[in-house]
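In: everything below, folded, please.
(one chain, ligands or ions: 1)
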Amino acid sequence: MERYVFQKVQPDDVWLKEKGTYKIATGSGGKKTAILSCPKCGESQSLSEHTIDNNGEVNPSVVCYFKEKCDFHEWVTLANYKELINGKS
Ligand SMILES: [Zn+2]
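Out: Numbering: from 1, shown residues only. Below is the predicted model:
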């Protein structure tokens, strides 16, 4: 299956304005995670329950939080994830 690639927003960009973008967030225990803007409905959701490897590959596959109104369900890669987590404390 083809992976859906999310593009990073600028580190200082607080809002996910565009569908299909992500930013780094810090989850419980200081664990790095990401917040996505769904490419279909534009709603934001956290990946705190997912694993993100150094190449930005997310496991398991991502199902939109708002699945009653949105059918997004894909394997996801976060573009430039490694640079983002290394470049930001
Ligand atoms: Zn959605």
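In: below-threshold pLDDT in the protein: ranges please.
Out: 1, 10-14, 87-89 (pLDDT under 70).
In: using PDB, write out every CA atom in the helix or strand hosting Tyr22.
Out: Using DSSP states H and E, Tyr22 falls within strand 21-26. Presented in PDB, the C-alpha positions along strand 21-26 are these (Å, rounded to 0.1, in the frame of the first residue of the first chain):
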ATOM      1  CA  THR A  21       0.600  18.700   7.400                       C
ATOM      2  CA  TYR A  22       2.000  17.900  10.800                       C
ATOM      3  CA  LYS A  23       4.000  19.400  13.600                       C
ATOM      4  CA  ILE A  24       6.000  18.000  16.500                       C
ATOM      5  CA  ALA A  25       4.400  17.800  19.900                       C
ATOM      6  CA  THR A  26       5.500  16.500  23.200                       C
END
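In: buried set for that strand?
Out: 21-24 (16 or more other C-beta atoms under 10 Å). All C-beta spots, glycine's among them, are computed from the backbone N, C-alpha and C.
In: for the closest residue in space to Leu36 that isn't next to it in sequence, give me its contacts.
Out: Distances taken as C-beta to C-beta, 6 or more residues apart in numbering put Tyr22 closest to Leu36, at 4.8 Å, once the chain neighbours are dropped. Tyr22 makes contact with 6-9, 16, 34-37, 78, according to C-beta atoms under 8 Å, 6 or more residues apart in numbering.
In: again, only this time at 7 Å
Out: Applying C-beta atoms under 7 Å, 6 or more residues apart in numbering, we find Tyr22 in contact with 6, 8, 34-36, 78.
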